[in-house]
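Enquirer: need coordinates for the below:
(one chain, ligands or ions: 1)
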Amino acid sequence: MPAQDIYRRLPRFPDDFVWGVATSAFQIEGAPTLDGKGPSIWDTFCRQPGAIADGSNGDVACEHVRRWQADLDLIAELGVDAYRFSVSWPRVRPGGTGAWNSKGMDFYERLVDGLLARGIKPYLTLNHWDLPDELQQQGGWANRDTVHRFVEYAQGITRRLGDRVASITTHNEPWVIAVLGHETGIFAPGIKNRATAMQATHHLLLSHGLALQALRADGHATRLGIVLNLSPMHSATDAPEDIEKTRLEDGRLLRWYMDPLFNGTYPQDVVEFLGDDAPRVQSGDMAAITTPMDFLGVNYYSRSVISAQGPWDVNSSGREVTDMGWEVYPEGLTELLVRMHRDYPVPPLYVTENGGAFKDNLQDGRVHDHQRRDYIARHISAVADAMEQGVHMEGYMVWSLLDNFEWASGFEKRFGIVHVDYTTQQRTLKDSALWYRDFLLQHKAMRQHRASVPVAGVSSQHNAVAS
Ligand code: IFM
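Expert: Okay, here's the model as predicted:
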């Protein structure tokens, strides 16, 4: 589907649909020790030889702490409704417990006020992986005590910013923290132990539920939710062993999170598979985890194809593959959203991350990243398809605003719709950004048109017509 065809889908999106761009603190901020910031597990992990592909770290990244005002101007220039960002826990409470760092808090206060002054809704995430290193010294997410430290952190941030942000997400992608951080060990904190990973995952979910309860008990009206990384799982063949493995992988990625959040249980087949590695669950934990949410965020990049014989060859489908080695599979997003809507009593859904890493070439002030542009357009169209099938979607956010530190891949992979020259820190809008800006202008024009031509008996919020 050529990018311009997406304009035909515009009427699918209601006036109040939220269009955004997303980043996370560690990936863009830099300034790891400025104004009393403490180290996070990623600061420490980056120093392990071989941990990061290009040997880099987050010390400078996009220098966002210094350049935040210009970055907010860029976001405003794109014409988005929302900016999804995360707070660095060790910037605001360096040890994860004990004294708060007022200078760190002030930074996020300025950021939120700066967004509001530019007419952009702040979507705040509390935990996008950069746990204070001091908490890791005491066991990190595998230690039940961290659950309570997280609840305090959530309360401290919400007291300060909750009246001005559009929503608060507890955790970004708990599967990544648990499995990549504690089972395969390719992400911070670099632990390789499945039982530890599963205990960590339980504590992440528990801290999410308890934080929601505490914030509501404190009287905050902000919308609260969590963000999961999900993919449809497809079996490589019809062989029973492939189908069985696919079911297990689906259990580990999707049902392990969706079942407890919405049904209050872990999936029994996965619990049996884990055996002694299954997490220790205390009485009352599952009830806390099912605390109702106001929204659920989904980060989608590709499908997974499962073979019992080992890794599936991503090139065998003949589809385009991104620089991360991920197959471009937009219809998987529709399939996923429809399934979530069908199988679980979900609140309104957001695509909180979607985008592609591609090799970019900056020439004469332009980056003709048409693969990224088409990737985004095709996925927006997939969201429209899901809405046509009855899924209640409230927003879509591009990952990412800026090229940034892509975790274990360092700076080798570029996801931004804005190019960052890491030598000069110069930002350049890529063609994908210019296209997104134009697309949002069209949506804005449609909003204005609808507002001027009210449809009898239909509120403007739901004044969306079929394409
Ligand atoms: O860069 C990450 C982000 O931090 C979390 N979701 C996936 C992105 C791309 O790998």
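Enquirer: got phi/psi on the residue in the stretch 101-250 of the chain positioned nearest to the ligand?
Expert: As assessed by CB to the nearest ligand atom, the ligand sits closest to Glu173 within the stretch 101-250 of the chain, at 5.7 Å. Backbone N, C-alpha and C define where each C-beta goes, glycine included. Dihedral angles phi and psi of Glu173 (degrees, to the nearest 10) take the values phi 60, psi 70.
Enquirer: for beta bridges, what are the partners of the closest residue to it other than its chain neighbours?
Expert: Among residues not flanking Glu173 along the chain, Asn229 sits closest, at 4.3 Å (CB to CB, 6 or more residues apart in numbering). Note on Asn229: beta-bridge partners by DSSP bridges are Asn299.
Enquirer: residue contacts, Asn229?
Expert: By CB atoms under 8 Å, 6 or more residues apart in numbering, the contact set of Asn229 is 173, 175-176, 253, 298-301, 353.
Enquirer: right, is stretch 242-261 up against the ligand?
Expert: No. If you take CB under 6 Å from any ligand atom as the test, stretch 242-261 misses the ligand, and the best it gets is 13.6 Å.
Enquirer: mind listing what the residue nearest to Tyr266 when sequence neighbours are not counted touches?
Expert: For Tyr266, ignoring the flanking residues on the chain, the nearest one in space by CB to CB, 6+ apart is Pro260 at 5.7 Å. Pro260 makes contact with 205, 266, 286, 289-290, according to CB under 8 Å, 6+ apart.
Enquirer: next, give me the two most distant ones among those.
Expert: Greatest spacing in these, by CB to CB: Tyr266 and Thr290 (11.9 Å).
Enquirer: can you give me the strands in the chain?
Expert: For the chain, the strands defined by DSSP state E cover 18-22, 82-86, 121-127, 167-172, 223-229, 233-235, 295-299, 304-306, 349-353, 362-363, 366-367, 393-399, 418-420, 427-429.
Enquirer: how many other residues sit next to the residue nearest to Met340 when sequence neighbours are not counted?
Expert: Spatially, and ignoring its direct neighbours in sequence, Met340 is nearest to Val346 (5.4 Å; CB to CB, 6+ apart). Counted by other CB atoms under 10 Å, the residues lying close to Val346 total 19.
Enquirer: Leu441 too?
Expert: Using other CB under 10 Å, Leu441 has 12 neighbouring residues.
Enquirer: thought it was touching Gly79?
Expert: Yes. Judged on CB atoms under 8 Å, Leu441 makes contact with Gly79 at a distance of 6.1 Å.
Enquirer: what helices or strands is the lengthiest helix in the chain leaning on?
Expert: Counting by DSSP state H, the longest helix found in the chain is helix 194-217. On a contact count with 3 or more CB pairs under 8 Å, 6 or more residues apart in numbering; DSSP states H and E, helix 194-217 meets helix 144-161, strand 167-172, helix 174-175, helix 181-182, strand 223-229, helix 256-263, helix 285-289.
Enquirer: for the closest residue to Ala408 other than its chain neighbours, grab the count of nearby residues.
Expert: Nearest residue to Ala408, sequence neighbours excluded (CB to CB, 6+ apart): Ile186, at 5.5 Å. A total of 15 residues lie near Ile186 under the criterion other CB under 10 Å.
Enquirer: what sits against the nearest residue to Ile75 once chain neighbours are set aside?
Expert: Nearest non-adjacent residue to Ile75, counting by CB to CB, 6+ apart: Tyr83, 5.2 Å away. When contacts are counted by CB under 8 Å, 6+ apart, Tyr83 is found next to 20-23, 72, 75, 115, 120-123, 401.
Enquirer: make TSV out of those and add distance to the ligand.
Expert: Compiled in TSV, these are given as follows (distance: CB to the nearest ligand atom, whole Å):
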residue	distance to the ligand
Gly20	14
Val21	13
Ala22	8
Thr23	8
Leu72	20
Ile75	18
Leu115	20
Ile120	20
Lys121	20
Pro122	18
Tyr123	14
Leu401	11
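Enquirer: want to throw those into a markdown table with pLDDT?
Expert: Formatted as a markdown table, the contacts of Tyr83 follow (pLDDT from 0 to 100):
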| residue | pLDDT |
| --- | --- |
| Gly20 | 99 |
| Val21 | 99 |
| Ala22 | 99 |
| Thr23 | 99 |
| Leu72 | 99 |
| Ile75 | 98 |
| Leu115 | 99 |
| Ile120 | 98 |
| Lys121 | 98 |
| Pro122 | 98 |
| Tyr123 | 99 |
| Leu401 | 99 |
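Enquirer: thought Arg247 was touching Val270?
Expert: No. Under the criterion of CB under 8 Å, Arg247 is not in contact with Val270, lying 9.6 Å apart.
Enquirer: which neighbours do the two share?
Expert: Common neighbours of Arg247 and Val270 (CB under 8 Å, 6+ apart) do not exist.
Enquirer: neighbour count: the two, which is higher?
Expert: Legend: neighbour count by other CB under 10 Å for Arg247 and Val270, higher for Val270 (20 against 17).
Enquirer: residues near the nearest residue to that one once chain neighbours are set aside, how many?
Expert: Excluding the flanking residues, the one nearest Val270 by CB to CB, 6+ apart is Gly251, at 4.1 Å. For Gly251, the neighbour count with other CB under 10 Å is 20.
Enquirer: give me every residue that touches Gly251.
Expert: Residues counted as contacts of Gly251 (CB under 8 Å, 6+ apart) are 267, 269-270, 273.
Enquirer: give me the distance between Arg450 and Phe13.
Expert: As judged by CB to CB, to the nearest Å, Arg450 and Phe13 stand 11 Å apart.
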